[in-house]
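Visitor: what's the 3D shape of this:
(chains A and B)
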Amino acid sequence: DVQMTQSPSSLSASVGDRVIITCRASQRISNSLNWYQQKPGKAPQVLVYGASNLQGGVPPRFSGSGSGTDFTLTITSLQPEDFATYYCQQSHYTPQTFGQGTKVEI
Amino acid sequence: QLQLQESGPGLVKPSETLSLNCSVSGASLGSTTYYWGWIRQTPGKGLEWIGTIYYRVATFYNPSLRSRVTISVDTSKNQFSLKLTSVTAADTAVYYCARQVPGFANSWHDWGQGALVSVSS
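Guide: From the prediction side, this is the model:
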């Protein structure tokens, strides 16, 4: 299976901060990388698909980049509603696999 | 607007079969446009893809669960289902049904609210 490793596992930040979350795949996955946001008690929601494409309705302060094995999710100016857990997911190989999550806390 | 809703028992005994249904409104499971599947989440293992079904007949399962999993579609009810046999405590999780969009890097675009299933005697 392709292992997806996110870092950091958690971070503390303030409103207005720039936040960068990284995701590394154990094999090259082209740009088959998606990012999700999950809030407590809710299902994950897709933010970015195909490494860098913003899902409709997602604020432009979110952006994704990367290809191959190394990917990043950037939040340029953290807002109160962005405090959540973020997951990456590779869809290049079966089984598709998720990272362990990055919790963004105040 | 697409909605997915999981339903099924919240408690299953060890060695028995976990069965969940996902009712879909706002899209037809008979369509060839999308994939439909199940993902589960535990505090220990995080998010784990269980399997996907395409157009009623093509199924793809996580190899780690393949021997115990069946996903099927009932187009007359517009719902799809998950069966997981011989469950143990390790199968205790929140189970999500979801829609996967092939043209969007196979991302999971729409999710149900999740169903907590506990395995315990």
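Visitor: CA only for contacts and neighbour counts going forward, please
Guide: OK.
Visitor: Please name the residues that touch the residue minimising distance to the centre of chain A.
Guide: Centroid check for chain A by CA atoms, centre = their mean gives A:Trp35 as the closest residue, at 3.8 Å. Contact analysis of A:Trp35 by CA atoms under 8 Å, 6 or more residues apart in numbering or on different chains lists A:Val46, A:Leu47, A:Val48, A:Tyr49, A:Ala51, A:Leu73, A:Tyr86, A:Tyr87, A:Cys88, A:Gln89.
Visitor: and chain B, which of the residues you listed contact it?
Guide: Among these, the residues within reach of chain B (CA under 8 Å from any CA of the partner chain) are A:Val46, A:Tyr49.
Visitor: who wins for neighbours among the contacts of A:Trp35?
Guide: For the contacts of A:Trp35, the largest neighbour count, defined by other CA atoms under 10 Å in any protein chain shown, is 31 neighbours, found at A:Cys88.
Visitor: before we move on, which element is that one in?
Guide: A:Cys88 belongs to strand A:85-90 when assigned by DSSP states H and E.
Visitor: tell me the pLDDT at the nearest residue to A:Pro40 once chain neighbours are set aside?
Guide: Of all residues not flanking A:Pro40 in the chain, A:Ala84 sits nearest, at 7.5 Å (CA to CA, 6 or more residues apart in numbering or on different chains). Looking at A:Ala84, its pLDDT reads 97.
Visitor: what sits against B:Arg56?
Guide: Contacts of B:Arg56 (CA under 8 Å, 6+ apart): B:Leu29, B:Gly30, B:Ser72, B:Val73, B:Asp74.
Visitor: and the gap between it and B:Gly103?
Guide: Distance, B:Arg56 to B:Gly103, by CA to CA, to the nearest Å: 19 Å.
Visitor: Just give the closest residue to A:Ser67, not the sequence neighbours.
Guide: Sequence neighbours aside, A:Asn31 is the residue nearest to A:Ser67 in space, at 5.0 Å (criterion: CA to CA, 6+ apart).
Visitor: Quick check: residues of chain B near chain A?
Guide: B:45-49, B:61-63, B:96, B:104-114.
Visitor: sec struct for the nearest residue in space to A:Leu54 that is not next to it in sequence, please.
Guide: Leaving out its chain neighbours, the residue that sits closest to A:Leu54 by CA to CA, 6+ apart is A:Val48, at 4.6 Å. Look at A:Val48: counting by DSSP: H, G, I helix; E, B strand; the rest coil, its state is strand.
Visitor: Is A:Val48 in contact with A:Gly64, as I believe?
Guide: Yes. Between A:Val48 and A:Gly64 there is a contact under CA atoms under 8 Å: 6.4 Å.
Visitor: Name whatever forms a beta bridge with B:Phe80.
Guide: B:Cys22, B:Val73 (DSSP bridges).
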